[in-house]
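Student: okay, predicted coordinates and the sequence, questions at the end:
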Amino acid sequence: MSTLIPSITSCKFDTPGERRFARLLEAKLEDDYLCWYNVLIGSSRHF
């Protein structure tokens, strides 16, 4: 199981599809994967 940063439980997703995709990444990727999402870059949010 991969590690998502921030964790699925602590982040708000814009759509239900984003949450499903994050759960798939967490479940299907191997343990040595780190996935970041909703990363703040400058003054706006990017994925």
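Tutor: It's in. Numbers count the residues shown, from 1 in each chain.
Student: and the helix or strand where residue 26 lies, what does it pack onto?
Tutor: Secondary structure from DSSP states H and E places residue 26 in helix 16-28. Helices and strands touching helix 16-28, by 3 or more Cβ pairs under 8 Å, 6 or more residues apart in numbering; DSSP states H and E, are strand 3-5, strand 34-36. C-betas here are computed from N, CA, C, even on glycine.
Student: show residues contacting that helix.
Tutor: The set of residues external to helix 16-28 that reach it, using Cβ atoms under 8 Å, 6 or more residues apart in numbering, is 1, 2, 3, 4, 8, 13, 33, 35, 37.
Student: mark which of these are buried, thanks.
Tutor: Listed as buried from the contacts of helix 16-28 are 4, 37; burial here means 16 or more other Cβ atoms under 10 Å.
Student: sorry, back to before: would you mark the buried spots in the helix holding residue 26?
Tutor: 22, 25, 26.
Student: what does stretch 36-44 give?
Tutor: For stretch 36-44, using 16+ other Cβ under 10 Å, the buried residues are residue 37.
Student: pretty sure residue 11 is touching residue 37, no?
Tutor: Yes: assessed by Cβ atoms under 8 Å, residue 11 is found in contact with residue 37 at 7.3 Å.
Student: contacting residues for the residue nearest the centre of the chain?
Tutor: The centroid of the chain falls nearest to residue 37 when counting by Cα atoms, centre = their mean (4.3 Å). With Cβ under 8 Å, 6+ apart as the criterion, the residues that contact residue 37 are 4, 5, 6, 11, 18, 22, 47.
Student: from residue 31, how far off is the fifth one?
Tutor: What that stands for is residue 18. 23 Å (Cβ to Cβ, to the nearest Å).
Student: with the third one instead?
Tutor: For residue 6, the distance to residue 31 (Cβ to Cβ) stands at 18 Å.
Student: quick one, which of the two is more surrounded?
Tutor: residue 6 (12 against 7; other Cβ atoms under 10 Å).
Student: got phi/psi on the more buried one?
Tutor: phi -70, psi 170 (degrees, to the nearest 10).
Student: hang on, isn't it packed against residue 38?
Tutor: Yes: shown here, residue 6 and residue 38 form a contact pair, counting by Cβ under 8 Å, at 7.4 Å.
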